[in-house]
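**Q** can't give you the sequence, but here's the structure:
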Ligand code: IPM
Ligand code: MG
């Protein structure tokens, strides 16, 4: 028994020393990248695997159409990044192969398709998720996930902490004995502060008067307790802007998202990693399914834009990949455009998506051959993007809701 405890102690020590190193790095973080000052802004595109290939291609087409002039003037450059497939990752037994990581780091922003995340017992080696690895490697600490249902007055923006919580050491837990397994949850002062501050800044800039923190601090007292305390501390700084902060436990929050009388009052929601993972799937389902939601993974130096869902290998096996909904990746593309300094393009794209998927519905995706292909849907979106009447049509749609 002593041997096992000693082995566990030495593993624990190593892990904690690395975490303290990370804290040190967060304490002297770099400045934010300035896209205005860059020429070119390099956009890396990784298709991922499964339906990722189809839907990322559609989003890439949309980006290239909207950025046509910027491409011609040399302001933007696209780079294809291959090798982030499950086949290749399994072959080298790495979440992200070394050469791919280097190519990613040479870009400024990345459009990334879904990638398969294996689990013990799958046909693949049990490697770490490529998403999780990329978020850590590029220090993409904020996972920003908007969910909007205009007809119900819902306009949520989730700020999911993206580099800590149960995820950071998700592949580093271990069995102490044949019977006892341990994983870790890590929350730091710096990691909490940067995501919570970003949520408050978003509220301030958008005139939103409420920021909701979600924890389970009554039970998970130390880590969630810290997150909760930091939220209260930062809230103090923003009281002067009339922004109020409240806190909900994750269980009741999951219930409240289903409560039509209360849910539209939430606006900005900030939460640790795993709670953010779970709650944003629920929120996206209310909006029409995870296939309709995109996300921005933002750090100071890099940013990555992706769907919030996985690679749906079953759709590929059943020959349905071309019927997959590209909306999630196109929403991610809209976030990318706004992030690199073209908010009017991002806005246009979101308007076209609202009109096509929620109002006009001339071309409908069902995920099967009784619906349109992703390519047909993308053409439909682009027709609206190029339609001079887009803004007027959108305003009209919003006014009748
Ligand atoms: C997400 C996904 C990932 C996550 C998976 C694929 C590892 O569910 O982006 O929400 O859990 O973060
Ligand atoms: Mg998820």
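**A** Cool, got the structure. As the structure is a computational prediction, the values presented were derived from the model and not from experiment. Ligands and ions are numbered 1, 2, ... in the order given.
**Q** show me what contacts the residue of the stretch 151-300 of the chain at minimum distance from ligand 1?
**A** Closest to ligand 1 within the stretch 151-300 of the chain is residue 277: 4.5 Å, counting by Cβ to the nearest ligand atom. In this view, the C-beta of every residue, glycine as well, is placed from N, C-alpha and C. Neighbouring residues of residue 277 by Cβ atoms under 8 Å, 6 or more residues apart in numbering: residue 160.
**Q** so it: helix, strand or coil?
**A** Of the three states, residue 277 takes helix under DSSP: H, G, I helix; E, B strand; the rest coil.
**Q** model confidence for it, exactly?
**A** At residue 277, the pLDDT value in this model is 97.
**Q** cool, residue 112 as well?
**A** Reported pLDDT for residue 112: 98.
**Q** contacting residues for residue 79?
**A** Counting by Cβ under 8 Å, 6+ apart, residue 79 makes contact with 42, 43, 44, 45, 103, 106, 107.
**Q** isn't residue 270 up against residue 197?
**A** No. Between residue 270 and residue 197 there is no contact under Cβ atoms under 8 Å: 9.4 Å.
**Q** between those two, which is the more surrounded one?
**A** It is residue 270, of residue 270 and residue 197, that has more neighbours when counted by other Cβ atoms under 10 Å, with 31 against 17.
**Q** what about residue 191, which helix or strand?
**A** Assigned by DSSP states H and E, residue 191 falls within helix 189-205.
**Q** next secondary structure after that helix?
**A** Heading C-terminal from helix 189-205, the first helix or strand you meet, by DSSP H and E, is strand 210-215.
**Q** helices or strands up against the helix or strand just after that next one?
**A** With elements assigned by DSSP H and E, the helix or strand that comes after strand 210-215 is helix 223-238. Under the contact criterion of 3 or more Cβ pairs under 8 Å, 6 or more residues apart in numbering; DSSP states H and E, helix 223-238 touches helix 189-205, strand 210-215, strand 244-249.
**Q** what about 10 Å?
**A** Counting by 3 or more Cβ pairs under 10 Å, 6 or more residues apart in numbering; DSSP states H and E, the packing neighbours recorded for helix 223-238 are helix 189-205, strand 210-215, strand 244-249, strand 268-271.
**Q** list the buried ones in it?
**A** 223, 224, 225, 226, 227, 228, 230, 231, 234, 235, 238 (16 or more other Cβ atoms under 10 Å).
**Q** could you do stretch 307-320 as well?
**A** Result for stretch 307-320 [16+ other Cβ under 10 Å]: buried residues 307, 308, 309, 310, 311, 312, 313, 315, 316, 320.
**Q** from the residues you listed, which land in helices?
**A** Per DSSP state H, helices hold the following members of the buried residues of stretch 307-320: 313, 315, 316.
**Q** among those residues, name the least confidently predicted one.
**A** residue 313 (92).
**Q** contacting residues for it?
**A** Taking Cβ atoms under 10 Å, 6 or more residues apart in numbering, we find residue 313 in contact with 49, 50, 51, 86, 114, 116, 122, 123, 321.
**Q** from residue 85, how far off is it?
**A** Distance from residue 313 to residue 85, counting by Cβ to Cβ, to the nearest Å: 12 Å.
**Q** residues from this protein in reach of ligand 1?
**A** 117, 129, 131, 132, 277, 308, 310 (Cβ under 6 Å from any ligand atom).
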